[in-house]
Structures are given as C-alpha cells and as structure tokens.
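K.L.:
sharing a sequence plus its predicted fold:
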Amino acid sequence: MLLQSPAAWPTNSTPWLICLDLQRDCVIPGRPRYDAGNAEVAAVCARVLALARCEGWRIVHSQVRDGHAPLAPAQGFHSPIEGLRPLIAEPMYFRRGLSAFANPEFGAEMLAARGERVFLIGFSLADSCLATALAGIDAGLRLTLIEDAVGAVDTAAAAGARAALEPFVEFASSRRLRARGLEVVS
C-alpha cells in the first residue's frame, strides 16, 4: 500500500494546541527555569489558550517531571501556572524526557492530529519545545510555533533552536493566530 503525503490526509479542520510546561517553576523568581520575560510569555499563553478554548480546538498539556520532583511537591513549583491549568476535558501528560513524545500516551493521542493544524506554546524553546517539535515532525505533524507564546531562558540557545526548526516548522505571532483562528470559524 502506498502511503499518502500529510497534505493528502483527511482533515476535519479542528486545530490542536500543545501546551508545554506551563508550570509555576517558569514564572517564580529564583527558580532555575525562571526568566524575567516569562511573565509576558505566560500572559500570551493565556490569551492563546482562551482563544483555543473558545473556538473548540483540541488541547493537550504536557509537563516535565524530573527524577527528583514528586507529582505533587509541597512547594508547588511543578504545578500549572494560575490561569493556565488544564480543564477536565484537556488531557495532561507527564513525562520524564525533554519531548512531550517521551510519554507514549501523548504520542498515541497526537496520531489523531495528523493532517490538522497543530500549534505549540510553552516553555522552553531551547529544550522542551525544540525536542517536542522535532518529534512531532517525525510523527507527521504540521506544526506552528507561536513565537510570543514560547519562553526561552537562554536567548543564544533559543536562537539556535529556532534556526534548527525553521526548515520544518511555521512560526507565527499570537496576533496572526487570532486572525487565522477567526478565519477558521467563519
């Protein structure tokens, strides 16, 4: 049997949103994943997430759990950022690797996204977002990274990650996403 290209896969035109590592650890000063710009990134993530929910997109969340962090730590640093918590209908996949695809259930869920628009927001471009985007490309996904909704602690590493992704991933701003999202609805 001859496999079709992703462009020929059926589409129901429901976009997907991957929310990656929207954890308090990224917005609390003094934490290793903190950057002063992350508060603005979290605000943009909130606007993108609200738009996706309003338009009925399929939303999936993934959070990293390193070997030293229990699932419910007393400090709550690994808890979702207020306003960015998953709704009951939005699955949360915990992983120990860099890529969200390190969780096999996440990978299985994303098979349904083939042929659909898949948007990516979260933290951090130089590691988790890069690894997830590359794994998503290998899985046959058509990805768009929302630039102003992706945090990066190390700007030099983020620039390298962006350069690595440019041939494979579309980049868009949240302002462009809003216009595109409204076009999808009409």
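P.N.:
Thanks, I have the structure now.

K.L.:
mind checking the longest strand of the protein?
P.N.:
strand 142-151 (DSSP state E).

K.L.:
return the distance of it from the chain's centre.
P.N.:
A distance of 7 Å separates the centroid of the chain from that of strand 142-151, by C-alpha atoms, centre = their mean, to the nearest Å.

K.L.:
show me what whichever helix or strand comes after it is packed against.
P.N.:
Counting by DSSP states H and E, the next helix or strand C-terminal to strand 142-151 is helix 155-165. Packing partners of helix 155-165 (3 or more C-beta pairs under 8 Å, 6 or more residues apart in numbering; DSSP states H and E): helix 130-138. Just so you know, the C-beta spots here come from the backbone N, C-alpha and C atoms, and that holds for glycine as well.

K.L.:
helices or strands up against the longest strand of the chain?
P.N.:
Where contact means 3+ C-beta pairs under 8 Å, 6+ apart, strand 142-151 is packed against helix 38-54, strand 117-123, helix 130-138, strand 170-172, helix 174-185.

K.L.:
and stretch 83-96, how far out from the chain's middle?
P.N.:
Chain-centre distance of stretch 83-96: 11 Å, with C-alpha atoms, centre = their mean.

K.L.:
tell me which helix or strand the nearest residue to Met92 once chain neighbours are set aside sits in.
P.N.:
Spatial nearest neighbour of Met92, chain neighbours left out: His61 (4.5 Å); criterion: C-beta to C-beta, 6 or more residues apart in numbering. Using DSSP H and E, His61 maps to strand 58-64.

K.L.:
between strand 117-123 and that strand, find me the angle.
P.N.:
Calculated by axes from the mean of the first three to the mean of the last three C-alpha atoms, to 10 degrees, strand 58-64 forms an angle of 30 degrees with strand 117-123.

K.L.:
contact partners of strand 58-64?
P.N.:
Strand 58-64 is contacted by residues 14-23, 49, 52-53, 78, 80, 86-87, 90-98, 100, 103, 106, 109-110, 112-113, 116, 128, 132 when judged by C-beta atoms under 8 Å, 6 or more residues apart in numbering.

K.L.:
buried only: go through these for me.
P.N.:
Listed as buried from the contacts of strand 58-64 are 15-23, 49, 52, 78, 80, 86, 90, 93-95, 98, 100, 103, 106, 109-110, 113, 116, 128, 132; burial here means 16 or more other C-beta atoms under 10 Å.

K.L.:
where does pLDDT dip in the chain?
P.N.:
Along the chain, segments meeting pLDDT under 70 span 1-12, 24, 26-29, 31-34, 66-81, 153, 178-186.

K.L.:
fine by me, thanks again.
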